[in-house]
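**Student:** can't give you the sequence, but here's the structure:
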Ligand SMILES: O=P(O)(O)OC[C@H]1O[C@H](O[C@H]2O[C@H](CO)[C@@H](O)[C@H](O)[C@H]2O)[C@H](O)[C@@H](O)[C@@H]1O
């Protein structure tokens, strides 16, 4: 890729005082403590982890352990498959009163989308591809690929993933979409779409086909640090069976899905010990994964706002963004859409979770149905002047209108992703 800056990016070239921004990141992006050294000087030798008190007292371990979905718990308690499904289903259905199925609520979405342009944002893992043990084998089905291609034909469509942008592009393989990797810290979009003040923050580059594109990388100066931390994490976890570390360019992931639960405290403490040497990095929790990322004030929610602005859709009442995602990091995007009643977050989950989303879907197959039968066919139906969709249930319509009323009255507070009590399954 040919990288040449058209104009110095204020994000990259901010001459902020060294104590505030040794990395040259614009101060508006720094919302965390910046004291202490930014780089460790060497790869740490693998000493024994601390007493594990750190990870117990700071809640890391609780977050890692809260990963058992109710289904399994009930099975253990009652030892009866029938009770399991009933109990779990009842819990799920009552949860759905607060987070109605996006499939059954589609009339509401369509009603709001009428005369407005839908903009579709999607997460990758757990949303477009089912969660599997091996992150390298999280493939999207051909069916999903083909419905994605269709929806992108009708509506601007972007994938915002925790993975590196290259990796997610490799997995999806469609040039019709916009891509944001590293939790939105690496965004690429066509140069012709640059319509806003974001122009100042972007670099010019070329895509795989040699077409001119804009590149937004607010954490670019963290690249060497993430590389170093990645190597340290690989080294320190190499004897923990099942542990896997991924380098996502502007962030790194430490997976413990395949690690014996008895070793979770050890893995947590190792990561904690390493982070002590990097005060400019922080940790977030995903689904059985610890994610290490820069402390800049940037997340998937900011990436949604950035893309809406860059595509010329910011503050437009004739645009309805929807965001479909399944994990804690997607909550930032749900929150942005919930604010000012801007659009809809749709949470993909098989178990009840507190969320800033408005609607729910059970799994990736429902995501595919929503995109295929509803989003794509809604476009066609709306074009032909049709107004109602057969699949919408009247009862659900009623429930949805309650939700919408609550939303409009501002009765449902924003919840932080930490307060959402997310499991990490
Ligand atoms: O933002 P996303 O696109 O959802 O990416 C989040 C993380 O996804 C991947 O891990 C998750 O999916 C894996 C494959 O199904 C699964 O094995 C793992 O337990 C999940 O956490 C990816 O590997 C991570 O690096 C991403 O941060």
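**Tutor:** Cool, got the structure. All values reported here derive from a predicted model rather than from experimental measurement.

**Student:** show me which residues of this structure sit near the ligand.
**Tutor:** 123-126, 131-133, 135, 138, 161-163, 246, 248, 253, 255, 257, 286-289, 291, 327, 329 (CB under 6 Å from any ligand atom). The C-beta positions use only the backbone N, C-alpha and C, and glycine is treated the same way.

**Student:** inside strands: which ones of those residues?
**Tutor:** 246, 253, 255, 286, 289, 291 (DSSP state E).

**Student:** could you pull out the helices for the stretch 51-200 of the chain?
**Tutor:** 53-57, 60-65, 70-78, 81-98, 106-113, 142-154, 165-172 (DSSP state H, counting those that start in this stretch).

**Student:** kindly report the same for the stretch 301-425 of the chain.
**Tutor:** Using DSSP H, counting those that start in this stretch, helices in the stretch 301-425 of the chain cover 331-338, 364-369, 377-383, 394-408.

**Student:** mind listing what's buried in the shortest one?
**Tutor:** Spelled out, that is helix 364-369. The neighbour-count check on helix 364-369 (16 or more other CB atoms under 10 Å) flags 364, 366, 367, 368, 369 as buried.

**Student:** and the third one, what does it touch?
**Tutor:** Think residue 367. Neighbour list for residue 367: 122, 127, 128, 144, 324, 348, 361 [criterion: CB atoms under 8 Å, 6 or more residues apart in numbering].

**Student:** count of residues packed around the closest residue in space to residue 128 that isn't next to it in sequence?
**Tutor:** Nearest residue to residue 128, sequence neighbours excluded (CB to CB, 6 or more residues apart in numbering): residue 140, at 5.1 Å. For residue 140, the count of nearby residues is 21 (other CB atoms under 10 Å).

**Student:** wait, doesn't residue 140 sit right on residue 174?
**Tutor:** No: assessed by CB atoms under 8 Å, residue 140 is found out of contact with residue 174, at 9.7 Å.

**Student:** residues that sit against both of these two, list them.
**Tutor:** residue 148.

**Student:** columns pLDDT on top of the ones in strands among the residues of the chain next to the ligand, output as a markdown table?
**Tutor:** Converted to a markdown table, those look like this (pLDDT from 0 to 100):
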| residue | pLDDT |
| --- | --- |
| 246 | 98 |
| 253 | 98 |
| 255 | 98 |
| 286 | 92 |
| 289 | 96 |
| 291 | 96 |
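
**Student:** mind pulling up the pLDDT for residue 30?
**Tutor:** If you check residue 30, the pLDDT there is 41.
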